[in-house]
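# pasted the sequence and its predicted model underneath.
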Amino acid sequence: MRRKTAGGVLLASDVSQKTEKEALFHAREFDIEVQKADFTMDDVKDALGKRAGVFFVTDEGLYGSIKKNIN
C-alpha cells in the first residue's frame, strides 16, 4: 500500500472484525478503497486452493471489473 499504486482491497465476507479493522486502517492511511465481497474464505479455497480473506488488487481496471461483479 505504501506505493499508492492500488485499485483497492477486497475482503471476504467472513473475515474477522480485527482483520477488517486492520485493513480499513491501513487502506485509509493511503486513501485506498476497501470493498467487502459476497464470497467467503472457503469459496476462495475452493477456487484457488488456498484459504485467504484479504486481497490487495494493484491494477485499477481489474479492481473495477471485480467490484462490478462481486455484489
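It's in.

# ramachandran angles for the spatially most central residue of the chain?
With distances taken as CA atoms, centre = their mean, Leu10 lies nearest the centre of the chain, 1.5 Å away. Main-chain torsions, Leu10, degrees, to the nearest 10: phi -110, psi 140.

# which non-adjacent residue is nearest Gly7?
Ranked by CB to CB, 6 or more residues apart in numbering and with sequence neighbours excluded, the top spatial neighbour of Gly7 is Tyr63, at 2.6 Å. (C-beta placed from N, C-alpha, C; glycine too.)

# should've said Ile32
Using CB to CB, 6+ apart and skipping the chain neighbours, the partner closest in space to Ile32 is Ala6 (4.9 Å).

# the one you found: how many residues sit nearby?
19 (other CB atoms under 10 Å).

# swap in Val57?
20.

# and the gap between it and Arg28?
According to CB to CB, to the nearest Å, Val57 and Arg28 sit 17 Å apart.

# list the contacts of Lys36.
10-11, 13, 20 (CB atoms under 8 Å, 6 or more residues apart in numbering).

# what is it paired to in the beta sheet?
The partner list for Lys36 in beta bridges (DSSP bridges) reads Leu11.

# read off the pLDDT value for it.
The per-residue pLDDT reported for Lys36 equals 94.
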